[in-house]
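Q: Have a look; sequence and predicted model below, questions after that.
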Amino acid sequence: MPLSIDLTDDTAKRLAAEAERLNVPVAQLAAAAVRDLLAQPAADFDQVATRVLEKNRELYQRLA
């Protein structure tokens, strides 16, 4: 399933640099990161999801 996400310029640059270091396509690295996140136990995922939602709460409210 194709998925499009918006990244800050800094995050996109860091992702591209890490993909280059690992010699893999950026999309492959991003997909692997998502798979790794989802493979964590539910409690770990809930902590991460809560942290991300809290960190970006203002952005989500502006986008709503």
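A: Cool, the structure landed.
Q: what residue ranges in the chain score low on pLDDT?
A: 64 (pLDDT under 70).
Q: residue ranges for the helices of it, please.
A: 9-22, 26-39, 42-55, 57-63 (DSSP state H).
Q: closest one to residue 1 among these?
A: helix 26-39 (10.5 Å; Cβ to Cβ). C-betas here are computed from N, CA, C, even on glycine.
Q: The closest one relative to helix 42-55, how many degrees between them?
A: 120 degrees (axes from the mean of the first three to the mean of the last three Cα atoms, to 10 degrees).
Q: Are there helices or strands packed against helix 26-39, and which ones?
A: When contacts are defined as 3 or more Cβ pairs under 8 Å, 6 or more residues apart in numbering; DSSP states H and E, helix 26-39 packs onto helix 9-22, helix 42-55.
Q: circling back to that earlier point, which one of the helices of the chain lies nearest to residue 2?
A: When the helices of the chain are compared (using Cβ to Cβ), the closest one is helix 26-39, at 9.6 Å.
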